[in-house]
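Asks: Provide a 3D model corresponding to the input given below.
(one chain, ligands or ions: 1)
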Amino acid sequence: MQNLQYSVRYSKKAKRISLRIDPVKGLEIVGPPGFDTSKIPYILQEKKDWLQRHLEGITRANQRTESAKKIPHYLHLQATSEQVEIRIQDQLSKKYHLFDPHYHILYLYPEHKEQSHIAALMRQWLKKRAKTVLPGWLEGIAYRHGLDYKKVSIGFQKTRWASCSNKKTISLNSKLLFLPAFLVEHVFVHELCHTRHPNHSQDFWALLRHLQPEYRIFEHKLKNYWQQVVPPFLEMY
Ligand SMILES: [Zn+2]
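Replies: Next comes the predicted model:
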């Protein structure tokens, strides 16, 4: 346990000090604002068994943390079969990003060359791209299955590919662009089924099975794909 890497996070919600493993940020020690960090070595000692049990997961997360710090050279948007090259430029004007669709190059013009600003610009551009690609595509799939929704919104959710509200607003995650097209369509069909059945009831699964007989394999794939396809850099900063 000697060379264990960890980060400290202060949280207003935390009542006491606890340990958690974030898939991108690695081992985190979470405690109330201003907690006494000199206690950490004792806490790690106390939680020795837990840490031993989770060592493999911690090591894997730490490796991911290292790669997450590097700015990706490419964004692989499987949904649109685009391999977008990233070029970081000096800021010349008020422009923050420029996409050259012919050569698939995304020029970013950060104010400061800080990772967090570069990641924010990438997310901004992805959202813009998602707004031009996803709504029309969803509309087509809805039409094909005779299902109806009220509105569509595009976000950058942390842990969900998409969701559907009781008012039949479908929220899509810009990160869907990283998925292969057949899985994007599966997410669409899943959410469209929610316009009929809001919960994961038996009726919901029956409708999904009817529209998408292979739904089990797709649902399973979606769980694992998150960490495989979304560049961790985008979630780190
Ligand atoms: Zn669902």
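
Asks: Next, the buried residues of the helix or strand of the chain with the lowest mean pLDDT.
Replies: Counting by mean pLDDT, DSSP states H and E, the weakest-scoring helix or strand in the chain turns out to be helix 55-68, with a mean of 84. Buried residues in helix 55-68, counting neighbours by 16 or more other CB atoms under 10 Å, are found at 58, 61-62, 64-65, 68. Any C-beta I mention is one placed from the backbone N, CA and C, and that applies to glycine too.

Asks: same thing with stretch 167-183?
Replies: 168, 170-179, 183.

Asks: Those residues: which two are farthest apart?
Replies: The most widely separated members of those, counting by CB to CB, are Lys168 and Phe178 (25.9 Å).

Asks: For the buried residues of helix 55-68, give me TSV that also has distance to Phe233.
Replies: Output for these, formatted as TSV (distance: CB to CB, whole Å):
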residue	distance to Phe233
Ile58	20
Ala61	15
Asn62	16
Arg64	10
Thr65	11
Ala68	5
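
Asks: what's next to stretch 230-237, contact-wise?
Replies: Residues external to stretch 230-237 that are found in contact with it (CB atoms under 8 Å, 6 or more residues apart in numbering): 24-25, 64-65, 67-72, 75, 115-116, 118-120, 122-123, 126, 158, 175, 178.

Asks: what do you get if the cut-off is 7 Å, keeping everything else the same?
Replies: Contacts to stretch 230-237, defined as CB atoms under 7 Å, 6 or more residues apart in numbering, come from residues 24-25, 64, 67-72, 75, 115-116, 119, 122-123, 175, 178.

Asks: same question, stretch 211-229
Replies: When contacts are defined by CB under 7 Å, 6+ apart, stretch 211-229 is touched by residues 23, 78, 145, 161, 178-179, 183, 186, 189, 208-209.

Asks: quick one: which two of those residues are the most distant?
Replies: Pro23 and His145 (33.4 Å).

Asks: Tell me how this structure divides into domains.
Replies: Domain segmentation of the chain under automatic domain parsing yields 7-68, 121-236.

Asks: Dihedrals phi and psi, Gln173?
Replies: For residue 173 the amino acid is Asn, not Gln. phi -90, psi 130 (degrees, to the nearest 10).

Asks: any idea whether the spatially most central residue of the chain is helix, strand or coil?
Replies: By CA atoms, centre = their mean, the chain has its centre lying nearest to Lys158, at 5.0 Å. Per DSSP: H, G, I helix; E, B strand; the rest coil, the secondary structure class of Lys158 is coil.

Asks: State the pLDDT value of it.
Replies: Reading off the confidence values, Lys158 has pLDDT 84.
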